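J.: A predicted structure for the sequence below; I have some questions about it.
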Amino acid sequence: QVQLVESGGGLVQAGGSLRLSCAASGGTIRTYPMGWFRQAPGKEREFVGGINWSDGTTYYEDSVKGRFIITRDNAKNAVYLHMNSLKPEDTAVYYCAVLSSYRDSRVPDSWGQGTQVTVSS
């Protein structure tokens, strides 16, 4: 069972940037699609974006397209979420996830513990 640990969250002003990291241990994530989700207070957890394992292509929820970028470093067994032009509505706990093994999956198989991102106006 792969364990996921997110880091890099914090407080940032609107318009700023953050990079979240997701470190995997207990197994390789090389052949798994990986994704990011977020959960704002009082709201359900929602899909943010994912990255396919076979060719590294990415796909995103509409509200973050053009602002967020997901990358992966298989050598480091890690995935990253680069967040730019942050808005107050991006405030949430962000979770890394192993996704179900089909292309452009949005279904999580396992989660990390999450990292808080707070964007001030």
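T.: In hand now; what should we look at?
J.: Look at the residue nearest the centre of the chain and give its secondary structure.
T.: Nearest residue to the geometric centre of the chain (C-alpha atoms, centre = their mean): Trp36, 2.6 Å. For Trp36, the assignment made with DSSP: H, G, I helix; E, B strand; the rest coil gives strand.
J.: heads up, I number from 54, so please use that
T.: Happy to do that; since the first residue is 54 now, the last one works out to Trp89.
J.: wait, doesn't it sit right on Ala150?
T.: Yes - counting by C-beta atoms under 8 Å, Ala150 is a contact partner of Trp89 at 7.2 Å. Every C-beta, even on glycine, is put in place using the N, C-alpha and C of the backbone.
J.: now for the helix or strand bottoming out on mean pLDDT in the chain, which elements pack on it?
T.: Here the helix or strand of the chain ranked lowest by mean pLDDT, DSSP states H and E is strand 161-164, holding a mean of 93. The helices and strands touching strand 161-164, judged by 3 or more C-beta pairs under 8 Å, 6 or more residues apart in numbering; DSSP states H and E, are strand 87-92, strand 145-152.
J.: May I have the longest one exported as CSV, CA atoms only?
T.: What follows is strand 145-152 as a C-alpha-only set of coordinates in CSV (Å, rounded to 0.1, in the frame of the first residue of the first chain):
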residue,chain,number,x,y,z
ALA,A,145,-9.0,24.5,0.8
VAL,A,146,-7.3,21.4,2.1
TYR,A,147,-5.5,19.9,-0.9
TYR,A,148,-5.1,16.1,-1.2
CYS,A,149,-2.9,14.0,-3.3
ALA,A,150,-4.4,10.8,-4.6
VAL,A,151,-3.6,7.6,-6.5
LEU,A,152,-6.3,7.4,-9.1
